[in-house]
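Enquirer: Sequence first, predicted coordinates after that:
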Amino acid sequence: MTRPMFAYTKKILESVSFDPKLFSKELIKAMKQLLPYEIEQLKDWLLNFTKEKPELRKCLIYVNQ
């Protein structure tokens, strides 16, 4: 996938961040589609994004597997 896929993934995750269950589902789908270096970028982005959203912190287990 190209760089636009990473940007699209972030946009989707931001739009579903109101629901932790849906956020987890979209995160799992993203992990299957992104390249390894994009997954590393996503991990960094998620750490910053979830600082203010503690209900989403448990979703980080999907990127740490």
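Expert: Arrived safely.
Enquirer: give the contact list for Leu34.
Expert: Leu34 is in contact with 1, 5-6, 9, 42, counting by Cβ atoms under 8 Å, 6 or more residues apart in numbering. For glycine as for every other residue, the C-beta is placed from the backbone atoms N, C-alpha and C.
Enquirer: number of nearby residues for Ala30?
Expert: 22 (other Cβ atoms under 10 Å).
Enquirer: Please identify the helix or strand for it.
Expert: In the assignment (DSSP states H and E), Ala30 maps to helix 20-33.
Enquirer: In that helix, which residues are buried?
Expert: 23-24, 26-27, 30 (16 or more other Cβ atoms under 10 Å).
Enquirer: which residues touch stretch 19-27?
Expert: Residues contacting stretch 19-27 (Cβ under 8 Å, 6+ apart): 12-13, 16-17, 46, 55-56, 58-59, 62-63.
Enquirer: in which helix or strand would I find Ile39?
Expert: Ile39 belongs to helix 36-49, assigned by DSSP H and E.
Enquirer: Which secondary structure elements does that helix sit against?
Expert: helix 3-15, helix 20-33 (3 or more Cβ pairs under 8 Å, 6 or more residues apart in numbering; DSSP states H and E).
Enquirer: if you set the cut-off to 7 Å instead, what comes out?
Expert: Packing partners of helix 36-49 (3 or more Cβ pairs under 7 Å, 6 or more residues apart in numbering; DSSP states H and E): helix 3-15.
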